[in-house]
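Enquirer: Pasting the sequence and the predicted coordinates here, then a few questions.
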Amino acid sequence: MRRTVRPWLCCLSWLVCLAVVRFADASSLSEKRDALQAMRLRLIHERSELEGYLQGNVTQQGAFRPVREQDPRLDRALRDIEFEPYPFYPNVSGFYYGHLSTWNTSRLSWDQAQERGLVAWNNTVIRPYFQAYGVTDKASHIRGGIALQPPWENASLLDNYIQLVGVHDIRLGMLYLVGMPVTANDVLDIRHVLAMIPEKQAAFRNDAGKACINDINMRIQRIDDAMTSPDTISLPDPDPSASSNCTMQLYAKLSPEDLDQRELNTIEHELREPSGIVTRNAPRLHMKVLGISTRCGMYLETDSMVGISRAQYWNNVRYYIAGMICVVLMQLVLMTREMERIQTHTAISRISSLSVWIHSLIDACMSIAHFSLGLVLPGIYAPGFFSIAFMQAVLFFVLEFRLCAIVTKQRMESHRDAMQRDDSVSDDDDSSFDSLLDEPTLQHYVNNGYRRLRRALHRVPRIFFLVSWLMAIILFVNVAPVLYALVAVSFLLSFWIPQILHNIRQRSTGFHTSTIIGMSMARCYVPLYLYQDHFNPLSMEPTPWFWVLMGWCAAQTLFLVGQNMRGPLFFLPHSWRHSEKDWNWHPSKEALAAMLSHTHDEEEAAVDPLSIPLGDCPICLMPTSWDDESVMVAPCHHVFHKECLLPWLDIKQICPSCRLPLPVYNN
């Protein structure tokens with residue numbers, strides 16, 4: 001008899017694994033506590049040294065000496081700065097956008113090149129951001145960072161971040177900052193900004209010193225809060241092969257505003273704490289930055305960067321949330337009406353499954369994106385993004401995906417019926433030499449080969465095509481990610497192309513005009529928000545190519561609306577509207593009698609073919625006559641009045657009775 005593993009052995013193994021994991025977690029938590037405690041002690045020591053420096057206590061100051069990096073070019077640039085009390089924004093908290101340029105301060109050494117790493121320092125886009133704390137009438141301490149884009153030739157797709165700390169001279173609109181990449185091994189020390197303050201502004205050093213002490217106290221408080229729950233914080237692990245180790249000192253100067261200081265303060269207060277007061281539109285922030293990095297041998301300078309305050313930025317996010325909710329509500333109403341309208345087999349056959357699938361894919365991706373933004377953005381904005389994500393999920397699962405499934409199911413059933421009809425024809429008849437002699441035309445060869453190819457592909461498992469497409473996409477992403485992004489965006493923004501081709505092929509129209517216009521406007525809302533301004537949640541770069549994409553969407557919309565109003569082939573001259581085969585719309589009386597003889601008594605038809613009744617016109621419901629010029633006969637053998645069918649063909653290229661596609665009428 002085969003022996004089985006005892007249950008107690010399985011339980012013991014599970015307990016051992018649980019104990020090992022628990023021990024590893026406890027060890028990791030202990031290491032985090034030790035690291036946090038060491039960081040706290042270091043900050044307390046730095047605060048004590050700074051207090052001694054400010055009070056002139058050499059013993060308490062110890063070995064601390066604030067250091068200013070020297071460079072002749074920087075000194076000349078600083079002398080050109082005007083230190084005058086113009087109207088400035090008192091709070092520089094916000095997001096900025098500009099371009100960075102760098103120059104070598106001396107001949108670049110091998111060590112300096114290594115310290116610079118693989119960062120694109122020169123002629124690159126930068127996105128600084130600042131958060132001011134302890135704002136008073138004179139000074140505040142600043143924390144922020146700069147995002148540097150890596151060069152395209154590098155494998156990394158992530159930005160390089162430089163963390164910044166410093167003080168802000170509110171009266172003169174001057175910022176003194178020290179910076180260091182987050183991957184560097186050194187410690188960022190805010191105390192060195194005291195040496196950066198010019199001698200003629202020596203009175204500001206005491207206020208700057210207090211701001212530095214406030215910054216250190218805030219960091220100590222954050223460490224104390226983290227030590228109560230160290231498992232919720234992750235400590236940065238210095239990378240020995242860091243992309244950059246450039247420590248730097250930066251001088252930022254705000255541009256004065258063309259407003260009175262009191263009015264500027266009112267505008268800023270209204271942005272942060274709205275009370276209903278009517279004010280001017282808040283002007284954009286403008287800032288120019290100069291800097292030096294002796295360690296990397298670089299002099300840094302930016303253009304006049306444009307910025308937006310944090311309060312205004314988050315107000316714009318609120319407007320986006322409100323607008324997006326209205327857009328999704330409009331989509332829900334339009335798709336609900338479309339689902340109510342598309343109920344019959346004929347109406348479903350007019351819809352392109354690929355077009356509906358693209359729309360559903362866009363809304364599914366947008367739902368995931370808004371849900372992710374709700375997780376990472378501040379709590380007061382999370383409910384809005386979660387609401388948008390939920391509404392788009394309802395739009396995807398309840399309406400679009402359901403419609404796509406219905407259309408696909410009907411398409412597969414029609415395809416299966418066609419395959420069964422093709423399979424009814426024997427292979428011997430298809431490949432026999434006699435059959436080729438009976439109809440020796442190119443169309444016969446094409447149809448015969450296409451029928452065989454369809455039957456061969458129908459026998460291949462669908463999982464094979466799915467795996468093949470998935471492998472091709474993965475290869476495309478890794479080999480050419482930029483080209484893949486371009487192709488993916490172009491594909492998603494071509495959401496009406498399959499429906500346009502489907503209308504041409506079926507000689508019919510699918511979606512209602514209001515649905516076409518509304519869904520197109522909804523698809524343009526997010527790109528308009530992201531590509532119109534630098535300051536958006538995804539930090540997308542404005543580009544003139546954006547208008548090409550918008551024009552492409554508008555062209556599809558106008559084309560599809562034109563098909564609804566003027567017919568599926570409105571864009572083609574009548575002389576170009578050739579059908580797959582020529583059809584005689586006005587057959588002779590004998591030919592018409594031969595068409596209708598199989599539906600009536602054959603003996604009566606043989607005696608007098610003209611005695612067969614033509615019936616009523618399906619459009620006007622009036623009797624039809626045997627006049628060759630007054631009636632038109634469709635390939636499905638339905639008879640119409642000429643004056644009734646011709647206006648119908650200008651709008652729809654399908655039979656009014658059986659809804660089959662009709663060839664183009666050539667007079």
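Expert: Cool, the structure landed. Numbering: from 1, shown residues only.
Enquirer: Next up, the contacts around the closest residue to N503 other than its chain neighbours.
Expert: In this structure, N503 finds its nearest non-sequential neighbour in P568, 4.4 Å apart by Cβ to Cβ, 6 or more residues apart in numbering. (C-beta placed from N, C-alpha, C; glycine too.) By Cβ atoms under 8 Å, 6 or more residues apart in numbering, the contact list for P568 reads N503, I504, Q506, R507, S508, T509, K652, Q653.
Enquirer: Between all of those, which two are at the greatest distance?
Expert: Greatest spatial distance among the contacts of P568 (Cβ to Cβ): I504 and K652, at 12.6 Å.
Enquirer: Quick check on L254: phi, psi?
Expert: phi -80, psi 150 (degrees, to the nearest 10).
Enquirer: More neighbours: I504 and K652, which one.
Expert: K652 (20 against 15; other Cβ atoms under 10 Å).
Enquirer: how much space between the more buried one and T346?
Expert: Distance, K652 to T346, using Cβ to Cβ, to the nearest Å: 11 Å.
Enquirer: quick revisit: look at the residue nearest to N503 and tell me its secondary structure.
Expert: coil (DSSP: H, G, I helix; E, B strand; the rest coil).
Enquirer: pretty sure L100 is in a helix, no?
Expert: No. Going by three-state DSSP, the assignment for L100 is strand, not a helix.
Enquirer: So it is in contact with R127, correct?
Expert: No. Counting by Cβ atoms under 8 Å, L100 stays clear of R127, with 10.4 Å between them.
Enquirer: Neighbour-wise, give me the winner out of the contacts of P568.
Expert: N503 (25 neighbours).
Enquirer: Lowest mean pLDDT among the helices and strands of this protein, which one is it?
Expert: Within the chain, confidence by mean pLDDT, DSSP states H and E is lowest for helix 433-438 among all helices and strands, at a mean of 41.
Enquirer: sorry, back to before: mind checking how far the residue nearest to N503 is from G510?
Expert: 10 Å.
Enquirer: Equivalent analysis for L399, please.
Expert: 15 Å.
Enquirer: So which of those two has more stuff around it?
Expert: The residue with more neighbours, out of L399 and G510, is G510; 26 against 21, by other Cβ under 10 Å.
Enquirer: got the contact list for the more buried one?
Expert: R350, I351, S352, Q499, H502, N503.
Enquirer: nearest residue to it other than its sequence neighbours?
Expert: R350 (4.2 Å).
Enquirer: For the one you found, list the residues it contacts.
Expert: H502, N503, Q506, S508, T509, G510.
Enquirer: Show the contacting residues for F371.
Expert: By Cβ under 8 Å, 6+ apart, the contact set of F371 is F385, F386, A389.
Enquirer: Would it be right to say that the first one lies in a helix?
Expert: What that stands for is F385. Yes. Counting by three-state DSSP, F385 is part of a helix.
Enquirer: Neighbours of it, how many?
Expert: With other Cβ under 10 Å as criterion, F385 counts 23.
Enquirer: Could you find the closest non-adjacent residue to it?
Expert: Per Cβ to Cβ, 6+ apart, closest to F385 is G374, 3.4 Å.
Enquirer: Could you check the strand or helix carrying S520 and say which residues are buried?
Expert: Using DSSP states H and E, S520 sits in helix 513-531. For helix 513-531, a neighbour-count test (16 or more other Cβ atoms under 10 Å) marks 515-520, 522-527, 529-531 as buried.
Enquirer: Could you do stretch 487-503 as well?
Expert: L493, S494, F495, W496, I497, P498, Q499, I500, H502, N503.
Enquirer: ok, now stretch 327-343?
Expert: Those would be V327, V328, Q331, L332, L334, M335, E338, I342, for stretch 327-343 by 16+ other Cβ under 10 Å.
Enquirer: Helices along the stretch 1-150 of the chain, start to end?
Expert: For the stretch 1-150 of the chain, the helices defined by DSSP state H, counting those that start in this stretch cover 7-55, 58-61, 72-79, 110-116.
Enquirer: centre of the chain versus the third one, how much separation?
Expert: The chain centroid and the centroid of helix 72-79 are separated by 43 Å, computed with Cα atoms, centre = their mean, to the nearest Å.
Enquirer: Ends of stretch 247-262, what's the gap?
Expert: For stretch 247-262, the first-to-last residue distance is 38 Å (Cα to Cα, to the nearest Å).
Enquirer: Show me how far that stretch is from its chain's centre.
Expert: With Cα atoms, centre = their mean, you get 34 Å for stretch 247-262.
Enquirer: Quick check: buried residues in it?
Expert: 247-257, 259, 261.
Enquirer: ditto for stretch 648-661
Expert: Buried-residue list, stretch 648-661, by 16+ other Cβ under 10 Å: W648, L649, I651, K652, Q653, I654, C655, P656, R659, P661.
Enquirer: Contact partners for the spatially closest residue to the last one that is not a sequence neighbour?
Expert: The shortest distance from P661 to any non-neighbouring residue, by Cβ to Cβ, 6+ apart, is to R507 (4.4 Å). Under the criterion of Cβ under 8 Å, 6+ apart, the neighbours of R507 are P568, L569, K652, Q653, I654, P661, L662.
Enquirer: shaky segments in the stretch 201-350 of the chain?
Expert: 229-244 (pLDDT under 70).
Enquirer: Break down it into its helices, ranges please.
Expert: 204-228, 261-272, 310-341, 345-349.
Enquirer: Hmm, L164 is touching L250, no?
Expert: Yes. The criterion here is Cβ under 8 Å, and L164 meets it with L250 at 7.1 Å.
Enquirer: hey, what's in contact with both of the two?
Expert: With Cβ under 8 Å, 6+ apart, L164 and L250 have common neighbours L177, V178, G179.
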